[in-house]
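Trainee: output the structure for:
(one chain, ligands or ions: 1)
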Amino acid sequence: MPSLVLASASPRRAELLTQMGLTFTVSPANIDETPKPGEQPDHYVLRMAEEKALAGWRADGHDGVMVLGSDTSVVRAGRILGKPASATEAGAMLRDLSGQHHQVMTAVALVNGGRCQSRLVVTDVAFRPLLDAEIEAYVASGEPMDKAGGYGIQGLGGVFVDQIRGSYSAVVGLPLKETAELLAGAGQPVWQAWNGSGRDA
Ligand SMILES: Cc1cn([C@H]2C[C@H](O)[C@@H](COP(=O)(O)OP(=O)(O)OP(=O)(O)O)O2)c(=O)[nH]c1=O
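Mentor: Have a look, this model is predicted:
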C-alpha cells in the first residue's frame with residue numbers, strides 16, 4: 001500500500017484515521033483559510049480541503065505517497081462560522097447556535113499521483129436552547145477554541161446537541177465512509193489494512 005500522509009494539525013482527524021485501521025504520518029499544511037468575497041460555504045469547505053491536500057502533496061508528495069486533507073466549517077443561516085478567534089467570539093457563536101439548527105460541512109480530499117478527488121458531507125445539527133451561564137462555563141473550559149462553530153460534539157459540547165442528521169464522524173472532523181470511498185477509488189480499500197487490527201477495539 002502507498003504510504004499515507006495526513007495534511008492536518010487536528011488531533012481528531014488523526015484519531016479518526018487511526019479508527020479506520022490505517023497507518024499514516026502527519027504533516028500539517030499551512031494555507032490561507034480566508035473565504036473569498038461572496039464564496040458559498042460548500043464551495044469554501046471543498047476548496048479548503050483540496051488546498052490542504054495539494055499543499056501537503058507539494059511538500060511531501062511523490063510516487064507511492066497519498067495525501068489526505070480535510071476541512072470542517074459550521075454554517076448557520078448561510079454564514080460560515082470557523083474557529084473562534086477569542087473567547088468573546090466563541091460566546092457569540094454559541095448564542096447564535098442556541099435553540100437552532102445549523103449545518104456542519106466537512107470536505108475530505110485525497111491527492112494520489114498528483115490527482116485530487118474530494119467529497120463534501122453536510123450534517124444537520126440542532127442545539128437545544130442554552131443558558132447564558134452554561135455558555136460562559138463552556139467558554140471558560142477552553143474547549144471551543146480550536147473548533148469550528150466553537151463547540152465539540154465529542155466533548156462537553158455534546159450536551160448541547162438535541163438532534164443530528166447525517167454523519168457523526170464528519171462533525172468531529174473526518175467522514176469515515178467518504179474517506180474510505182476515496183481510498184477505495186485510489187485502489188486502496190481500507191479493509192486491506194485490517195488484518196488483526198480490530199482485536200482490541
Ligand atoms: C463542529 C466540530 C468541529 N470540530 C473541529 C474539527 C476540526 O479540527 C476543527 C475545524 O477546523 P479545521 O480548519 O477544519 O481544522 P484544523 O484547523 O483543526 O486542522 P487542519 O486545518 O490542520 O486540518 O473543528 C470538532 O472537533 N468537533 C465538532 O463538533
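
Trainee: the residue nearest to residue 74 when sequence neighbours are not counted and residue 22: what is the separation?
Mentor: In space, and not counting its chain neighbours, residue 74 is closest to residue 149: 2.9 Å by C-beta to C-beta, 6 or more residues apart in numbering. Yep, even glycine has a C-beta here, placed from its N, CA and C like the rest. For residue 149, the distance to residue 22 equals 27 Å [C-beta to C-beta, to the nearest Å].

Trainee: who has more neighbours, these two?
Mentor: residue 149 (29 against 20; other C-beta atoms under 10 Å).

Trainee: where does the chain dip in pLDDT?
Mentor: 1, 199 (pLDDT under 70).

Trainee: show me where the chain has strands.
Mentor: Applying DSSP state E to the chain gives strands spanning 3-6, 25-26, 65-76, 79-81, 101-112, 115-127, 161-165.

Trainee: is the fifth one anywhere near the ligand?
Mentor: Translated: strand 101-112. Yes: using C-beta under 6 Å from any ligand atom, strand 101-112 reaches the ligand at residue 104.

Trainee: check the longest one too.
Mentor: No: contact between strand 115-127 and the ligand is absent, the nearest approach being 7.8 Å (criterion: C-beta under 6 Å from any ligand atom).

Trainee: can I get the CA coordinates of that strand in CSV?
Mentor: Extracted C-alpha coordinates of strand 115-127, given in CSV (Å, rounded to 0.1, in the frame of the first residue of the first chain):
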residue,chain,number,x,y,z
ARG,A,115,-4.6,13.9,-9.0
CYS,A,116,-7.1,15.3,-6.4
GLN,A,117,-10.5,13.7,-5.6
SER,A,118,-12.8,15.2,-3.0
ARG,A,119,-16.2,14.7,-1.2
LEU,A,120,-18.4,17.0,0.7
VAL,A,121,-20.6,15.9,3.6
VAL,A,122,-23.3,18.1,5.1
THR,A,123,-24.8,17.2,8.5
ASP,A,124,-27.7,19.0,10.2
VAL,A,125,-27.3,19.6,13.9
ALA,A,126,-29.9,21.0,16.3
PHE,A,127,-28.9,22.6,19.6
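
Trainee: what's in contact with that strand?
Mentor: Residues outside strand 115-127 that contact it (C-beta atoms under 8 Å, 6 or more residues apart in numbering) are 42, 45-46, 49-50, 53-54, 97-110, 153, 160-168, 170-171, 175, 178, 181-182, 185-186.

Trainee: what do you get for the shortest one?
Mentor: Taking C-beta under 8 Å, 6+ apart as the criterion, the residues outside strand 25-26 that touch it are 3-6, 8-9, 14.
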